[in-house]
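Peer 1: what shape does this take:
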Amino acid sequence: MSGKYILAGCVLLLIATAIALTGATSTQVKPFIAFHDGGDILFSPEQTGTHHMASFGPWNLGERLLQGKPKDTRLNLYLVVPGTQYRSANHPEYDHNRVVNKYTVDGKVRDWDIFWCFVLDPALTGELRSEGDLLMAAHQTFRPADLYDLSDIPGNALMSEKLGIRSMADLRRFRRKDSTLPRVLILPAGLAVRATAEQQEVTVSHAQ
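Peer 2: Reported below is the predicted structural model:
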């Protein structure tokens, strides 16, 4: 067999291997439920071609977009900690709610920025299930008690992981001039996904 045919065969083998690996790394994420103004929305992630997942603890939220920096043209997906909508027996620190600010129509696919939302005020015990509630709580402030500590923040373990907050001193950059803190801290996760979000009656398991 001539060298020309051997080379051609090697090229075809490499192409086939690359295609197989691409298919192996591309994971189809199942649709999941998110809140919109307190109601249920079916959020259906779409593939983006990056083959990298936007993950949150044991959950995959969709294949990431290449550019994760927030853009005004994108819609918003908020991950609210703590929450009872999605609960993990093995990783309870990731228990959370998912909230979207819009829903799509006619199956139109949109890009979504992901935001971390951490409840800082221990007195805020109600469920947050709409963007309006989140933004209102983020603009409201509270004055921490004298003995207020990181252990009083329900999502302190995740704040350490995602934001690098490991002491009270690390919270200083979020304090207002009067030394108060926002009741809810909302920050971009640096992740974005592509999906539809439709009003639909479905039953989806939230457990992991």
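Peer 1: need the contact list for residue 136.
Peer 2: Taking Cβ atoms under 8 Å, 6 or more residues apart in numbering as the criterion, residue 136 is in contact with no other residue. The way it works is simple: take the backbone N, C-alpha and C, and place the C-beta from them, glycine included.
Peer 1: kindly report the same for residue 188.
Peer 2: Residues in contact with residue 188 (Cβ under 8 Å, 6+ apart) are 69-70, 113-116.
Peer 1: how about a markdown table for these, with secondary structure and distance to residue 150 added?
Peer 2: Listed next are the contacts of residue 188 as a markdown table, based on DSSP: H, G, I helix; E, B strand; the rest coil; distance: Cβ to Cβ, whole Å:
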| residue | secondary structure | distance to residue 150 |
| --- | --- | --- |
| 69 | coil | 28 |
| 70 | coil | 27 |
| 113 | strand | 27 |
| 114 | strand | 24 |
| 115 | strand | 21 |
| 116 | strand | 16 |
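Peer 1: redo these as a markdown table? Include pLDDT and distance to residue 130.
Peer 2: As requested, those are exported to a markdown table (pLDDT from 0 to 100; distance: Cβ to Cβ, whole Å):
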| residue | pLDDT | distance to residue 130 |
| --- | --- | --- |
| 69 | 93 | 25 |
| 70 | 95 | 20 |
| 113 | 98 | 17 |
| 114 | 98 | 17 |
| 115 | 98 | 14 |
| 116 | 97 | 17 |
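Peer 1: PyMOL command for the buried members of those?
Peer 2: For selection in PyMOL, the members of the contacts of residue 188 meeting the burial criterion (16 or more other Cβ atoms under 10 Å) are listed in this command:
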select buried, resi 70+113+114+115+116
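Peer 1: which member of the contacts of residue 188 is positioned nearest residue 29?
Peer 2: Checking the contacts of residue 188 against residue 29 with Cβ to Cβ, the nearest one is residue 114 at 13.3 Å.
Peer 1: okay, now residue 120: neighbour count?
Peer 2: The burial count assigned to residue 120 is 24, neighbours taken as other Cβ atoms under 10 Å.
Peer 1: from here on, count from 801
Peer 2: In the new numbering, first residue 801, that becomes residue 920.
Peer 1: from the contacts of residue 988, which two are the most distant?
Peer 2: 869 and 916 (14.9 Å).
Peer 1: let's see the distance spanning stretch 960-976 from one end to the other.
Peer 2: Start to finish, the residues bounding stretch 960-976 are 21 Å apart (Cα to Cα, to the nearest Å).
Peer 1: ugh, typo on my part, it should be stretch 861-881
Peer 2: End-to-end distance for stretch 861-881, by Cα to Cα: 16 Å.
Peer 1: and it, how far from the chain's centre?
Peer 2: Average the C-alpha atoms of stretch 861-881, do the same for its chain, and the two points are 7 Å apart (Cα atoms, centre = their mean, to the nearest Å).
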